[in-house]
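In: Next one to model:
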Amino acid sequence: MGAHVPEARDKGLARAGYILEAAAKRQVSGRALNVDRGGFRSSIYTELNPGVVRVGPTVVYAQIHEFGGTYTHPNLFGKGIVAQITMPARAPMGKALDECRDKIRGAMSSAIMDIRGVG
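Out: Got it, this is the predicted structure:
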C-alpha cells in the first residue's frame, strides 16, 4: 500500500513550495529589482499547513513590484520630498512560477506516485 495520503500530499506540497521559494528569491536578487539590503528576498517564505502551501513575501512593497502601479512616496531620498511614483509590473513571483512550473509538477507527480504506491 502507498504512503498515507495526507502525508504524501503534504510532502509534495512542501517540495513544491520550497522550489517556488528558491526561484522567487532568485528573481528578486541582484540587478532585477535593484537590491539594496535584500529585505524583499529575505521576506519570501514558505508556509505549510495540512493540504495548503503558501509562498510569498511579507514586505509591504511586494505588491507594487508584482503588479506595478502608482503610489505616493512621503519622503523620497530621505529629503522630505513627496512624490508620485509609477512602477512597472516586474512580477517576480509570476516569473518564478513560470521558471519552476515543471519542477513543481514533478514534485506533485512524485507525491501522487507515493500515494498510489508506485514510488
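In: from here on, contacts and neighbour counts on C-alpha atoms
Out: OK.
In: does the nearest residue to residue 70 once chain neighbours are set aside belong to a helix or a strand, and which?
Out: When the adjacent residues along the chain are set aside, residue 70 lies closest to residue 86, with 4.1 Å between them (C-alpha to C-alpha, 6 or more residues apart in numbering). Here residue 86 sits within strand 81-87, counting by DSSP states H and E.
In: distance between that strand and the chain's centre?
Out: Here strand 81-87 is found 26 Å from its chain centre; the criterion is C-alpha atoms, centre = their mean, to the nearest Å.
In: Tell me which helix or strand comes right after that strand.
Out: Next element after strand 81-87 (DSSP H and E): helix 92-116.
In: Show me what that next one is packed up against.
Out: Using 3 or more C-alpha pairs under 8 Å, 6 or more residues apart in numbering; DSSP states H and E, the elements in contact with helix 92-116 are helix 5-27, helix 62-67.
In: Rounded mean pLDDT for the last one, please.
Out: If you average the pLDDT over helix 62-67, you get 92.
In: Other residues contacting it?
Out: Residues outside helix 62-67 that contact it (C-alpha atoms under 8 Å, 6 or more residues apart in numbering) are 40, 87-94.
In: and that helix, C-alpha only, in PDB?
Out: Output of helix 62-67 as PDB, limited to C-alpha atoms (Å, rounded to 0.1, in the frame of the first residue of the first chain):
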ATOM      1  CA  ALA A  62       5.900  43.400  -2.700                       C
ATOM      2  CA  GLN A  63       2.500  44.100  -4.400                       C
ATOM      3  CA  ILE A  64       3.700  47.100  -6.300                       C
ATOM      4  CA  HIS A  65       6.700  45.100  -7.600                       C
ATOM      5  CA  GLU A  66       4.500  42.200  -8.700                       C
ATOM      6  CA  PHE A  67       1.600  44.200 -10.300                       C
END
